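> I'd like to go over a predicted model; first the sequence, then the structure.
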Amino acid sequence: MEVSNEQEDGQSRRGHCFASRRVPPVRLSGAAMVCAMYSRSIGFALAVTVTGAAIAWFVLSGHRDASAEPNGPAHLRSAEPIVPLPAEPDLDDARVALGERLFHDPRLSGSGTLRCSSCHDLGSNGASNVPRDLGDGGELLAVNTPTVFNVGYSFRLGWEGRFRHLSEHAAALIENPLIMGVSLDEVVDRLRVDRELVAAFQRAYGRPVDRANLIDALVTFERSLVTPNARFDSWLNGDPDALSEIEIEGYRLFKSTGCASCHQGVALGANLFQRQGVFEPLVPPPPDIVRVPSLRNIAATAPYFHDGSAATLAQAVRRMARAQLNSSLADDEVDKLVAFLGTLTGEYRGAPVHPAP
């Protein structure tokens, strides 16, 4: 049975800090005001949401500085703009296993050679290490491949946020002639001659493979791709020794310079849109407005930006500060921010997420 819109809307709301949690505090920065101002170009409702959230952060920001102390009261850390990853989602094991099998199956591409895992390496960072991957036809894709880890916490999918649900996103990638390049009907026909796979679908869904349960199995597996045990989550949960002093200082900078205006919540982003290149150009190609990416595992997912033009995290931090916040950071500030961002790296199946080979 395909995941219903209601179920997927619920997941989207859980990934959207404005809708599902008390809005976390952070000082109202220029970045937050800019975010609200430019959000009008993608809809009045979004502008109201972002503006309201920014005002709420300002009103509630009185507790933030105390909670940023490494030995401060642990209960104050619940007032931080970032939320620890919740417990792993409760998913059907048979459907997760089936989705994982499909994720690595080349029959989901037109040529029969490309897999989802060809661009999303689950053994490293959930993405790749190149600015742009090759599609099934051998042509460079238009944008950098984002990590698939923690994708269930994104309120929209794709760099432009075109897709509301994981199900429509997965179907679109398979049928896009420049990416996987095959119709869902063709994939179903290919899989139906595989007796073992047909039996696996029968066990998981009570019926043979079809378009709906094919996509649902992939989506269920994608929802399982969470990366717990980041050191920053441990600190948020009360461990005063989880972070070093330079990492704590980096987190303070992350908030005071305005980074947390857009990168907050459980995914540190992935829950709002923003104009890229507010004060100066950031990345030359369109789109002008993008879905703010998650920063979880960011230290392991170079290169950066939707064109993959920033080779290192330090480069990305400098460019973001200038283009989005109108701030020129000193070398030691960049070092501190990079140190903090390194604490956002989690684990997948007990192994630390790391850069793709």
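Looks like it came in fine.
> switch to C-alpha atoms for all contacts and neighbour counts from now on
OK.
> so where is this structure shaky, pLDDT-wise?
1-78 (pLDDT under 70).
> tell me the contacts of the most centrally placed residue in it?
Using Cα atoms, centre = their mean, the residue of the chain that lies closest to the mean C-alpha position is residue 294, 3.8 Å off. Neighbour list for residue 294: 154, 263, 267-270 [criterion: Cα atoms under 8 Å, 6 or more residues apart in numbering].
> right, and residue 328 touches residue 317 too?
No - between residue 328 and residue 317 there is no contact, the gap being 10.1 Å when judged by Cα atoms under 8 Å.
> out of the two, which sits in the more crowded spot?
residue 317 (20 against 14; other Cα atoms under 10 Å).
> helix or strand: which one has the more buried one?
helix 313-325 (DSSP states H and E).
> buried ones in the helix or strand following that helix?
Under the assignment DSSP H and E, the closest C-terminal helix or strand after helix 313-325 is helix 331-342. In terms of neighbour count (16 or more other Cα atoms under 10 Å), helix 331-342 has its buried residues at 333-342.
> what's in contact with helix 331-342?
Contact with helix 331-342 is made by 246-251, 253-254, 295, 297-299, 313-314, 317-318, as judged by Cα under 8 Å, 6+ apart.
> quick one on the thing from earlier: in strands only, show me the contacts of residue 294.
Nothing among those maps onto strands, per DSSP state E.
> rewinding a little: which of the contacts of helix 331-342 lies closest to residue 98?
Nearest to residue 98 among those is residue 297, at 25.7 Å by Cα to Cα.
> hang on, that closest one packs against residue 347?
No - contact between residue 297 and residue 347 fails when scored by Cα under 8 Å: they sit 9.0 Å apart.
> which neighbours do these two share?
Both residue 297 and residue 347 are in contact with residue 353, where contact means Cα under 8 Å, 6+ apart.
> closest to residue 195 among the buried residues of helix 331-342?
Within the buried residues of helix 331-342, the smallest distance to residue 195 is 45.2 Å, found for residue 342 (Cα to Cα).
> wait, residue 204 touches residue 94, no?
Yes - here residue 204 reaches residue 94: they are 5.4 Å apart, a contact under Cα under 8 Å.
> the two: which has the busier surroundings?
The neighbour count for residue 204 versus residue 94, taken as other Cα under 10 Å, is higher for residue 204 (21 against 17).
> ok so that one is a helix residue?
Yes - under DSSP: H, G, I helix; E, B strand; the rest coil, residue 204 falls within a helix.
> contact partners for it?
94-95, 98 are the contacts of residue 204 under Cα under 8 Å, 6+ apart.
> swap the cut-off to 6 Å and go again
Residues near residue 204 by Cα atoms under 6 Å, 6 or more residues apart in numbering: 94-95.
> any idea how far residue 192 is from it?
15 Å (Cα to Cα, to the nearest Å).
> checking residue 214 next. Helix, strand or coil?
helix.
> what helix or strand does residue 167 sit in?
Assigned by DSSP H and E, residue 167 belongs to helix 166-175.
> that older thread, from the contacts of residue 294, which is closest to residue 290?
Checking those against residue 290 by Cα to Cα gives residue 270 as the nearest, at 9.9 Å.
> show me the contacts for that closest one.
Residue 270 sits next to 154, 292-294 when contact means Cα under 6 Å, 6+ apart.
> any idea how far it lies from residue 298?
According to Cα to Cα, residue 270 and residue 298 sit 13 Å apart.
> ok, now residue 226?
From residue 226 to residue 298 the distance is 14 Å (Cα to Cα).
> please apply the same query to residue 151.
Relative to residue 298, residue 151 is positioned 13 Å away (Cα to Cα).
> please apply the same query to residue 290.
17 Å.
> what's the helix or strand for residue 345?
Using DSSP H and E, residue 345 maps to neither a helix nor a strand.
> with that, I have no additional questions.
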